[in-house]
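Engineer: Build me a structure from this.
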Amino acid sequence: MNFINYIVFTTFLFNSNLFFSQIQIEEIELPRKIKETSGLEYIGNNFITHNDSGDEPKLYEFNIKGELLKLTRIYTILNRDWEDITFDGEKYYIADIGNNYGTRKNLTIYIIDKKLNLVDSIKIKYKNQKSFDYLKFNRYDAEALTSIDESLVLFSKNRKTLSTEIYVFPKLPGKYELEPSLSLKVESLITGADYNQKFKLLVLTGYDLDLFEQYIYVFNDFDMKNINSAKFVKYKLPINDAQIEAVKIIDNKTFWVTSEHKGSGYPRLIKIKL
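Structural biologist: Modelled structure (predicted):
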């Protein structure tokens, strides 16, 4: 696998003030078997990912060099459109929630144990969604899921307003109707989320649909009990020919992300240092 290391300068805009930041990028090519990598988690000292729609229900384990180590297929479920995976220290949660055109009625979070065995599932639907007709610019799609305390937190990919709605629901098996706790004007399509309790840090990734620029959003001191006061800093990333789909926090300034392949290129594991 090819390894690329470079440093660039970029800018980001927040609250109408212009800030400057030096961003260091390291890129590692990933195997083409995970060309549609759409989620990212740790499994021991390695990573675990999955493809989105079009692949079988498989989890792929790879190391920091980008080498594929293990493939696990879960035979009793389907991959309709797996969009994210999160881990709370005890269980993994796979988000089969891709809903590009607002037509799905079977949105599911699969609960997986540490040995990657299926345990149970969570069924969700959006309480405010009344129509399931095909609609390109809809507000009921989502690709970003993370675990915070005793809850799962979902961030919408709102093509209609380029905002993200935050939905909070229990980790327990069951059926839940979701209502947004908060809407954030991110001006992009949110594709990934991660939360780190040690740093009290929430991070999102997203991209601009027209310019296809990639962004990372950093929420310092994020508090679920005071969610309405959430504030973020938005960074434009100097990454070309990419579609970032997932993120994992290393520390409060350093993150792993994965990008799907674009054109004839490889998918990538990318280390970002702000």
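Engineer: now stretch 54-64: how far from the chain's centre is it?
Structural biologist: 15 Å (Cα atoms, centre = their mean, to the nearest Å).
Engineer: can you list contacts of it?
Structural biologist: 28, 30-31, 33-34, 36, 43, 45-51, 68-75, 77-79, 82, 85, 116, 269 (Cβ atoms under 8 Å, 6 or more residues apart in numbering). For every residue, glycine as well, the C-beta is placed using N, CA and C.
Engineer: Out of those residues, which end up buried?
Structural biologist: Among the contacts of stretch 54-64, those classed as buried by 16 or more other Cβ atoms under 10 Å are 28, 30, 34, 36, 43, 47-51, 72, 74, 77, 79, 82, 85, 116, 269.
Engineer: Take these and keep only those in helices.
Structural biologist: Using DSSP state H to define helices, no part of the buried ones among the contacts of stretch 54-64 is located there.
Engineer: Counting only strands, which of the residues you listed make the cut?
Structural biologist: 28, 43, 47-51, 72, 82, 85, 269 (DSSP state E).
Engineer: Pick out the residue nearest the middle of the chain.
Structural biologist: residue 192 (1.8 Å; Cα atoms, centre = their mean).
Engineer: what are the bridge partners for that residue, then?
Structural biologist: Listed by DSSP bridges, the beta-bridge partners for residue 192 are residue 205.
Engineer: any idea how far it lies from residue 136?
Structural biologist: Distance, residue 192 to residue 136, by Cβ to Cβ, to the nearest Å: 22 Å.
Engineer: do residue 151 as well
Structural biologist: 31 Å.
Engineer: ok, the two, which is more surrounded?
Structural biologist: Each of residue 151 and residue 136 has its neighbours counted (other Cβ atoms under 10 Å); residue 151 has more, 15 against 9.
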